[in-house]
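Asker: Model the structure of this input:
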Amino acid sequence: MTDFDKEIWEGWTVGDFIKKLYPILSRIQDGHSWQSPITTSEGLRTWLKDNQPYYKRHIPEVFQYFKTKYKIEE
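Answerer: Numbers count the residues shown, from 1 in each chain. Sure, this is the predicted structure:
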């Protein structure tokens, strides 16, 4: 179970990162972007780190949330 209230960086929580990334990643995964849908765990991990605001490190809870939501395999 994801703890959306867990603070990650300077007041930003897991839920804040998910809310910020969700609209962009949703468009990508639905095929409504110039970028192809992400199909691998490594691709998702890299995309998240590159697109998270302020904090460019892997956040396991954010990664797991989107990996599960979009059924991305290893």
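
Asker: can we go C-alpha only for contacts and neighbour counts from here?
Answerer: Will do.

Asker: got the contact list for the closest residue to residue 14 other than its chain neighbours?
Answerer: Excluding the flanking residues, the one nearest residue 14 by CA to CA, 6 or more residues apart in numbering is residue 4, at 4.9 Å. Residue 4 makes contacts with 13-16, as judged by CA atoms under 8 Å, 6 or more residues apart in numbering.

Asker: buried ones in the longest helix seen in the chain?
Answerer: For the chain, the helix with the greatest residue count under DSSP state H is helix 14-29. Residues 14-18, 21, 25, 28 are the ones in helix 14-29 that count as buried (16 or more other CA atoms under 10 Å).

Asker: and which of these is nearest to residue 38?
Answerer: Of all those, residue 38 sits closest to residue 28, with 7.6 Å by CA to CA.

Asker: isn't the closest one right next to residue 44, touching?
Answerer: No: the pair residue 28 / residue 44 is not scored as a contact, 11.2 Å apart, by CA atoms under 8 Å.

Asker: Are there residues contacting both of the two? Which ones?
Answerer: Common contacts of residue 28 and residue 44 (CA under 8 Å, 6+ apart): residue 38.

Asker: Can you tell me the SS state at residue 45?
Answerer: Assigned with DSSP: H, G, I helix; E, B strand; the rest coil, residue 45 falls in the helix class.

Asker: when you give positions from now on, start the count at 880
Answerer: Taking 880 as the first residue, the last one we looked at is residue 924.

Asker: Look at it and say how many residues are nearby.
Answerer: Residue 924: 20 surrounding residues under other CA atoms under 10 Å.
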